[in-house]
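J.: here is the input, now give the coordinates:
(3 chains)
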Amino acid sequence: MRKSEKLITNTIRIAGSSTILFILLIFVFLMKEGLPTIQEISIGDLLSKRWYPIEELYGILPLISGSLIVTIFSMVIAFPLGIGTAIYIGEIAPPGLKEILKPLVEVLAGIPSVVLGFIGILVLSPMMRTGLKLPTGLTALTGSILLALISIPTIVSIAEDALYAVPNSYREAAYALGATHWQIIWYVVLPAGRSGILNAVMLGVGRSLGETMAVMMVTGNAPTLFSGLNSFISPVRTMTATIASEMGEVASGSSHYHVLFFIGILLFLFSLIINITSSTLSARPKRGKDQVIS
Amino acid sequence: MRQKLSVVFMLLLSIILFACQSPDQASSEQANSDSKKAYIENKGSDTLVNLALAWAEEYQLLNPGVQISVTGGGSGTGFAALINGTISIANASRQIKPEEIEAANENGFEPIEFIVADDAIAVIVNPENPVDNLSLEQVSKIYKGEISNWLEVGGEDRPIVKLSRETNSGTHVYFLETVIRLGDKEDRSIFSADTLLLPSSEGIIVEVRDNPNAIGYDGLGYVTENVKMVALSQGANDEYILPSAATVISGNYPISRHLFMYTHGEPKGAELAYLEWILSSGAQEIITELGFVPVISN
Amino acid sequence: MNLSSYSKEPKFRISRNLIQEIGFMGIRLITVITIFPILAIVVFIAIKGIPAISWEFLTAMPRDGMRAGGILPAIVGTLYLMVGTATISIPLGIAAGIYLAEYAPDNLWTRLIRIAIISLAGIPSVVYGLFGLGLFVLFFEFGISILSAALTLSIMTLPVIISTSEEALRSVPYKFRVIGISLGGTQWQTIRKVILPQALPGIVTGIILGLERAVGETAPILFTGATFFLPHLPSSPLDATMALPYHIYVISTQIPGMPITIQYGTVLVLLVIVLAMDVIASVIRSRARAKRQW
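T.: Below you'll find the model as predicted:
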């Protein structure tokens, strides 16, 4: 009896620490495959403006620029929508409606990105081209809209948690001072929940930056560098789409293979920074499942 | 309401679960009865993938003892997998590169080449586009970004949206060497950076079909009736020729190439039998049906 | 003067209320803009996809270069991946959750484990794909297989399962533990016989949500287990497999002359599976809340 208890306890202990093993494995493996890049390709070449692996042009700037363009623009769309919806669900909606809206947002979280990409190719991209009279509908804008849809559930659920975490006494105090419902939301609840809201946006950024399939299907994948506002309605190529579409091509051990892993390292580090900062930002003492799910 | 919904969902799920159980058992029984089932893993060029799929389906009907799995992803993908030893036959729309042969040798085998079909690269535009003819040099300038409006090649005043396959595609490499660089080995010019790189041939067809600004290129087998093929000429004064089986065989159409399969060392057993069948007249008929050009004449 | 400032008061109030009205209208509009596309996408896919659904579509092998017949191998492949992922991630995830909720001391190591979980949760799916390719496909030589893909997906779903398990276990009141121990049970016996059954609904919900994500993902299986076409069902964990998300990508972008109904039908099947998991999870959650004994 004692022995089996000990065995089980140890098993659980090991399982508990397994996540550290996995994160280390991922880190070590990405490093092992990606770091040779630095020996094979000079920093100057890596930071050049052209990505064309066939000619060994490994400038990753256009890819970073592409990822940033779609991510920033997706946040421009998703931030007001996500926070607004969170305010409505958390502060304004009658309880019955709230019970309908919350699962609906969860449904959006569940829609696989490849399905959104599918809709993007078939419906959204032609709509963009004819509606906005663009030369092509396969643009950063189209990708940003899909990314906004993908990151909205994350933003809504975390922002709503943040608003929920604002103590009711704040609202009551403001109400007692004669503030309207709107003033309470605007001047009391939002400022009190701002670190949580910032956290929501950061995780939304993480979600957008890391998304692959939907982006690959609708952004046209042209490795162009940011060149002013026009870039938002031009085709772009993101880091994730580059890995997904080129990884199969390369023989393991080639420079191209190493560079793709190097881009993987960058994505890994970005996500690490975003998630660790946001977890220290988090107003709540303990992270709930919502954050991790999204 | 919600409960009703959930019942419907559960029902659907259980149907799906049930549905996949029965044939699954059937297949495992089959596998037991025929323990010598040969398994061929076939991967590579997206240009070839539909042809390879059609061959695989047909061959398995004729030889139930053989299982063939077919995957696309690009010629480079196929070579990489062949070199890594994860597949037994690589499909390719370009010849294997010396460094790929070297890598294969390092892994202890020699890739063996088979020419299985011929293919023309068709340059395509939207049916609304009035441009019917282009010289190779014009196409090259368009893709290099030196010509950026259809007006400059006799069309309407529209911006040109250039579409290409991804860089891992043999078609991409072929197009780069034969059209953009016009076959000049010293020429280092490449696609202009704003060329859209689409992950698949079908993606190009769809965008060209819908977008009157677009120009694209694709293997002849992919071209559907919804897009317009442009007649090409080698030089500005040469005759403009539309791609077809006849013009490829006669050698008049300027951009056509071989399609290949590569094996992991000399093929043996099931693989050898499969490749021999592919080069037989029966299998070559399928080529014509799919819009490619056979390599052996009946 | 004083009086006149009082007399201004009602005007001020009106404008405050006006602001509130405008604000609420804005928030409502935002919520509608957020919710509408979700409903539109689901309804649109359902309408377009239902005509394709038939017994044959769900149970037959694809024919004619996948342009006819059914999508059985993709459905089965997805189920295999789900089962494979579940087999690995559920025991590991629950054990780690138990460790964090019941055993873990408040020290540096535990904090590291939490950081690892947060980091794992934020890693882009395509980076998991890179990692799976490097470690499972090439290093362990599992090849492109169900095993490699399921292992990759398992590590990806682990953070969700761990966090939800931990949260569910923590929500079981402390007195249950005291009672268990005071009846002479060991710590493990108390956990197994008392705490786990109480926390089960929460854990199951987390598992379903984690698997839901695994089922819908494309990028992690792109280089680890998915294949374009398989004329038979996979017969061992070392076979590559077709899977619904990758299949959607393939048929919507790679096959010339692909009938549009088959595309929508396939998308619908994936959507139904994912949404069914959503519904099951929320039913379990609400049932458990109603039945809760504390």
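
J.: neighbours of residue C:197, how many?
T.: 10 (other Cβ atoms under 10 Å in any protein chain shown). In this view, the C-beta of every residue, glycine as well, is placed from N, C-alpha and C.

J.: which helix is the longest one in chain A?
T.: When chain A is parsed with DSSP state H, its longest helix is helix A:2-34.

J.: any buried residues in the helix or strand following that one, and which?
T.: Of the helices and strands lying after helix A:2-34 in sequence (DSSP states H and E), the nearest is helix A:36-40. Under the neighbour-count criterion of 16 or more other Cβ atoms under 10 Å in any protein chain shown, helix A:36-40 has A:36, A:37, A:40 buried.

J.: ok, so of those, who is nearest chain B?
T.: residue A:40 (14.1 Å; Cβ to the nearest Cβ).

J.: need the pLDDT of the closest one.
T.: On the pLDDT scale, residue A:40 is placed at 90.

J.: same thing with residue B:171?
T.: pLDDT, residue B:171: 83.

J.: tell me the centre residue of chain B?
T.: In chain B, the C-alpha nearest the mean C-alpha coordinate belongs to residue B:47, at 0.5 Å (Cα atoms, centre = their mean).

J.: SS state for that residue?
T.: For residue B:47, the assignment made with DSSP: H, G, I helix; E, B strand; the rest coil gives helix.

J.: any idea how far it is from chain A?
T.: Using Cβ to the nearest Cβ, to the nearest Å, we find residue B:47 at a distance of 14 Å from chain A.

J.: point out where the chain drops to low pLDDT.
T.: Picked chain A for this. By pLDDT under 70, the weakly predicted segments of chain A are A:1, A:248-249, A:251, A:282-294.

J.: look at chain C instead
T.: For chain C (pLDDT under 70), the answer is C:1-14, C:231, C:256, C:293-294.

J.: which residues touch the nearest residue to residue B:148 once chain neighbours are set aside?
T.: Closest residue to residue B:148 apart from its sequence neighbours, by Cβ to Cβ, 6 or more residues apart in numbering or on different chains: residue B:160 at 5.6 Å. Residue B:160 makes contact with B:142, B:147, B:148, B:149, B:150, B:213, B:214, B:215 under the criterion Cβ atoms under 8 Å, 6 or more residues apart in numbering or on different chains.

J.: sorry, back to before: for the residue nearest to the centre of chain B, give me its contacts.
T.: By Cβ under 8 Å, 6+ apart, the neighbours of residue B:47 are B:93, B:119, B:169, B:170, B:171, B:201, B:219, B:221, B:222, B:259.

J.: which neighbouring elements make contact with the host helix or strand of residue B:208?
T.: In this assignment (DSSP H and E), residue B:208 forms part of helix B:201-210. Packed against helix B:201-210 by the contact rule (3 or more Cβ pairs under 8 Å, 6 or more residues apart in numbering or on different chains; DSSP states H and E) you find strand B:111-125, strand B:161-165, strand B:196-198, strand B:214-219.

J.: give the next helix or strand downstream of the last one.
T.: Going back to what we said before, that points to strand B:214-219. Per DSSP H and E, the first helix or strand lying C-terminal to strand B:214-219 is strand B:228-229.

J.: including distance to chain A, mean neighbour count and mean pLDDT, could the helices and strands packed on helix B:201-210 go into JSON lines?
T.: As requested, those are exported to JSON lines (distance: least, Cβ to the nearest Cβ, whole Å; neighbours: other Cβ atoms under 10 Å in any protein chain shown; pLDDT from 0 to 100):
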{"stretch": "strand B:111-125", "distance to chain A": "12", "mean neighbour count": "22", "mean pLDDT": "92"}
{"stretch": "strand B:161-165", "distance to chain A": "5", "mean neighbour count": "26", "mean pLDDT": "92"}
{"stretch": "strand B:196-198", "distance to chain A": "4", "mean neighbour count": "26", "mean pLDDT": "89"}
{"stretch": "strand B:214-219", "distance to chain A": "7", "mean neighbour count": "28", "mean pLDDT": "91"}
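
J.: export these to a markdown table and tack on distance to chain C?
T.: A markdown table is the format used below for those (distance: least, Cβ to the nearest Cβ, whole Å):
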| stretch | distance to chain C |
| --- | --- |
| strand B:111-125 | 12 |
| strand B:161-165 | 11 |
| strand B:196-198 | 8 |
| strand B:214-219 | 9 |
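
J.: residue B:241 reaches residue B:253, doesn't it?
T.: Yes - counting by Cβ atoms under 8 Å, residue B:253 is a contact partner of residue B:241 at 5.2 Å.

J.: hey, what's in contact with both of those two?
T.: Any residue near both residue B:241 and residue B:253 by Cβ under 8 Å, 6+ apart counts here, and that gives B:232, B:247.

J.: who has more neighbours out of these two?
T.: More crowded of residue B:241 and residue B:253, by other Cβ under 10 Å: residue B:253, with 23 against 18.

J.: please identify the helix or strand for the closest residue to residue C:49 other than its chain neighbours.
T.: In space, and not counting its chain neighbours, residue C:49 is closest to residue C:268: 3.0 Å by Cβ to Cβ, 6+ apart. In the assignment (DSSP H and E), residue C:268 maps to helix C:260-291.

J.: list the buried residues for that helix?
T.: If you call a residue buried by 16+ other Cβ under 10 Å, then helix C:260-291 has these buried ones: C:262-285, C:288.

J.: that older thread, may I have the helix holding residue B:208 exported as PDB, CA atoms only?
T.: C-alpha atoms of helix B:201-210 as PDB (Å, rounded to 0.1, in the frame of the first residue of the first chain):
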ATOM      1  CA  SER B 201      -2.000  25.500 -58.900                       C
ATOM      2  CA  GLU B 202      -5.700  25.600 -58.100                       C
ATOM      3  CA  GLY B 203      -5.300  28.800 -56.200                       C
ATOM      4  CA  ILE B 204      -3.900  30.500 -59.300                       C
ATOM      5  CA  ILE B 205      -6.800  29.200 -61.500                       C
ATOM      6  CA  VAL B 206      -9.400  30.500 -59.000                       C
ATOM      7  CA  GLU B 207      -7.800  34.000 -58.700                       C
ATOM      8  CA  VAL B 208      -7.300  34.300 -62.500                       C
ATOM      9  CA  ARG B 209     -10.900  33.200 -63.000                       C
ATOM     10  CA  ASP B 210     -12.300  35.900 -60.700                       C
END
